[in-house]
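*Asks:* I'll drop the sequence and a predicted model, then ask my questions.
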Amino acid sequence: MSRKEIELLLVELDRREALSRADNFEPHEKQKLALDIFKKNGFVMARGGNRSGKTEVGAVAVAKELLTKPKQRWWVLCPSFDLQKESTQEKIDHYLGAHYAKKPTLISNGAYSSITLKNGSKLIFKSYEQEREKLQSAGLDGVWFDEEPSKDIFDEVTMRQKAGVPLKIIMTLTPLIGQQYIRELAASSNVVQMSWKDNTHLTAEQIAAMRRGKSERELLVREHGEFAEAIGRVVTRLVGITNMKIDFADYDVWECIDPGYVDPTAYVQAAIDADANVAITSCWSESNLSYDQVAQRILDHRKIKKENKIVGTQKIYRSLIDTNEPRLKKELTKYKIYCKSIKKMDDWFEYLASKTNWFFENDKIKFLTGTEPLLSQLELLYWKTKESEQILPEFDLHRKYGHHFDLAMALFYLLAEINKKYVSQKEEEVDRQLRYRSPAKPNTKVIYKNIS
């Protein structure tokens, strides 16, 4: 046999192997269960630790759908296009590469935009980072969410159903965020939970190495795919900058100061309407400021500007200050800046995170142009994970990544107090009205309105 004939034979063998990769995939027990559930019900959530084999479930299920049913239209969504290249894209290439009708279209840096198969089926790649308008489409046959999407992305995408055809949904995730709607979906019988021990390809040495340095609380999530509090990023769902303009006359204006000297002093200002919608209007952070300089910075940010001209001064509804610097609070009164001290409590960090995340998860917060440094801090702020289980959860402040998080803390203090004023009191009033309302007549249905 000539060299050329051998080369052609090897190419043909590779082609045949690729054609049967999805069919010849040998799943471990939990992967097989997940694939069977999806085949039967058209929905599955493979929830597991990192390296448990959950992403392989998504890739195999999508490959079989696209290969066996011509002219299918599917989306696969990831947290970012960079993560897509390292994970889902490689697996899709492995199972579908031999079936591409042409080279995949690219977005940038090698990330795929879409692939089209020889049978006319198409797979389109999306990122959670994209604007909501990019997630609108004609009807889809199915979607694969790799890792947790925010609820608004999940709702937007799952509306893309073809008339009369149920949308098929695959979710593969490690619940680092553990949003409430994910927990509710996970209560169904269409969920398979996987751990490192389920993955027969992982050795005992590899598992031991991955466990090293992690607390029991962190391992619940990263090894077993359990829901646990105080893991991962503190703010569970981030938003982008908006160019909206607001009329301060329609809002209560709040501000918060987190004092410092060598560590920066930070300031965050917000405007809140009657429905607890918050617009973060300005912020600053600076080290080595005197008390007089801090006061002047605050007064400068109270000025109302239109077309770069000062047209007035904002009326401040409430000024807040962290209690670690009582002298600054006293000095600010010389400038008629009167601050209320923030009262801290038990489980302080968990309390702040809970009250803050309410605004993000309910689409109640926007960040105006100029507040980019604050968003950058939120993106980098994570929970501490290497502490003893007896130590209360804390934010990983100041030193990790070489960052300070003073703007983030000022925002947390601010949103916790705003939540108490505009949300908790409103819910308590509704509860009070329900408790003391007249008893319902027999056979009368009482509707409890959910205020959020």
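*Replies:* All right, it came through fine.
*Asks:* now for residue 53, how many residues are close by?
*Replies:* For residue 53, the neighbour count with other C-beta atoms under 10 Å is 23. Glycine gets a C-beta too; all of them are placed from N, C-alpha and C.
*Asks:* next, count neighbours for residue 342.
*Replies:* 20.
*Asks:* for residue 327, see how far away it is.
*Replies:* Applying C-beta to C-beta, to the nearest Å, the value for residue 342 to residue 327 is 16 Å.
*Asks:* which residue ranges form the strands in the stretch 1-150 of the chain?
*Replies:* For the stretch 1-150 of the chain, strands defined by DSSP state E, counting those that start in this stretch occupy the ranges 43-48, 73-78, 105-106, 112-116, 122-127, 142-146.
*Asks:* now do the fourth one: which elements does it pack against?
*Replies:* Looking back up the chat, that one is strand 112-116. Under the contact criterion of 3 or more C-beta pairs under 8 Å, 6 or more residues apart in numbering; DSSP states H and E, strand 112-116 touches helix 88-96, strand 105-106, strand 122-127.
*Asks:* tilt between that strand and helix 88-96?
*Replies:* Put simply, strand 112-116 runs at 20 degrees to helix 88-96, going by axes from the mean of the first three to the mean of the last three C-alpha atoms, to 10 degrees.
*Asks:* list the strands paired with strand 112-116, with their directions.
*Replies:* Counting by DSSP bridges, the strands paired with strand 112-116 are strand 105-106 (antiparallel), strand 122-127 (antiparallel).
*Asks:* please render the ones you listed as TSV that adds mean neighbour count to the earlier fields.
*Replies:* Below are the strands paired with strand 112-116 laid out as TSV (neighbours: other C-beta atoms under 10 Å):
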stretch	mean neighbour count
strand 105-106	12
strand 122-127	20
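*Asks:* including mean pLDDT and distance to residue 363, could the helices and strands packed on strand 112-116 go into CSV?
*Replies:* Shown next, in CSV, are the helices and strands packed on strand 112-116 (pLDDT from 0 to 100; distance: least, C-beta to C-beta, whole Å):
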stretch, mean pLDDT, distance to residue 363
helix 88-96, 91, 27
strand 105-106, 90, 32
strand 122-127, 94, 19
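*Asks:* in a markdown table, list those along with distance to residue 249.
*Replies:* Formatted as a markdown table, those follow (distance: least, C-beta to C-beta, whole Å):
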| stretch | distance to residue 249 |
| --- | --- |
| helix 88-96 | 48 |
| strand 105-106 | 49 |
| strand 122-127 | 38 |
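*Asks:* among those, which is nearest residue 174?
*Replies:* Shortest distance between residue 174 and those, using C-beta to C-beta, is found for helix 88-96: 14.1 Å.
*Asks:* can you tell me what sits against the closest one?
*Replies:* The contact list for helix 88-96 (C-beta atoms under 8 Å, 6 or more residues apart in numbering) reads 21-22, 25, 55-56, 58-60, 62-63, 66-67, 76, 78, 111-112, 115, 117, 123, 125, 144, 146.
*Asks:* can you give me the buried ones in it?
*Replies:* Residues 88-89, 91-96 are the ones in helix 88-96 that count as buried (16 or more other C-beta atoms under 10 Å).
*Asks:* how distant is that helix from the center of its chain?
*Replies:* Here helix 88-96 is found 25 Å from its chain centre; the criterion is C-alpha atoms, centre = their mean, to the nearest Å.
*Asks:* could you give the angle of it to strand 142-146?
*Replies:* Orientation of helix 88-96 against strand 142-146 (the same axes, to 10 degrees) gives an angle of 130 degrees.
*Asks:* got the CA positions of helix 88-96 in PDB?
*Replies:* In PDB, the C-alpha atoms belonging to helix 88-96 read as follows (Å, rounded to 0.1, in the frame of the first residue of the first chain):
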ATOM      1  CA  THR A  88     -18.400  23.900  25.100                       C
ATOM      2  CA  GLN A  89     -16.800  24.800  21.800                       C
ATOM      3  CA  GLU A  90     -14.100  22.100  22.200                       C
ATOM      4  CA  LYS A  91     -16.700  19.500  23.000                       C
ATOM      5  CA  ILE A  92     -18.900  20.500  20.100                       C
ATOM      6  CA  ASP A  93     -15.900  20.300  17.800                       C
ATOM      7  CA  HIS A  94     -15.200  16.800  19.100                       C
ATOM      8  CA  TYR A  95     -18.700  15.400  18.500                       C
ATOM      9  CA  LEU A  96     -19.800  17.400  15.500                       C
END
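*Asks:* make CSV from the strands paired with strand 112-116 and add distance to residue 158 to it.
*Replies:* Formatted as CSV, the strands paired with strand 112-116 follow (distance: least, C-beta to C-beta, whole Å):
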stretch, distance to residue 158
strand 105-106, 24
strand 122-127, 13
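*Asks:* and residue 173, which of these is closest to it?
*Replies:* Of all the strands paired with strand 112-116, it is strand 122-127 that lies closest to residue 173, at 15.4 Å by C-beta to C-beta.
*Asks:* so the closest one versus strand 73-78, what angle?
*Replies:* Going by the same axes, to 10 degrees, strand 122-127 makes 30 degrees with strand 73-78.
*Asks:* put the alpha carbons of strand 122-127 into CSV.
*Replies:* This file holds the C-alpha atoms of strand 122-127, laid out as CSV (Å, rounded to 0.1, in the frame of the first residue of the first chain):
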residue,chain,number,x,y,z
LYS,A,122,-27.5,25.1,12.9
LEU,A,123,-26.0,25.8,16.3
ILE,A,124,-25.6,29.4,17.4
PHE,A,125,-23.3,30.5,20.2
LYS,A,126,-24.4,33.2,22.7
SER,A,127,-22.9,34.7,25.8
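*Asks:* which other residues reach it?
*Replies:* So strand 122-127 is in contact with 62, 66, 72-81, 84, 88-89, 92, 96, 107, 111-117, 134-135, 137, 157, going by C-beta under 8 Å, 6+ apart.
*Asks:* buried subset of those, written for PyMOL?
*Replies:* Buried residues within the contacts of strand 122-127, by 16+ other C-beta under 10 Å, are selected in PyMOL with:
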select buried, resi 62+66+72+73+74+75+76+77+78+79+81+84+88+89+92+96+111+112+115+116+117+135+157
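*Asks:* hey, least reliable of the strands of the stretch 1-150 of the chain by pLDDT?
*Replies:* Lowest mean pLDDT of the strands of the stretch 1-150 of the chain: strand 105-106, a mean of 90.
*Asks:* which residues touch that one?
*Replies:* Identification of contacts with strand 105-106 by C-beta under 8 Å, 6+ apart yields 112-115.
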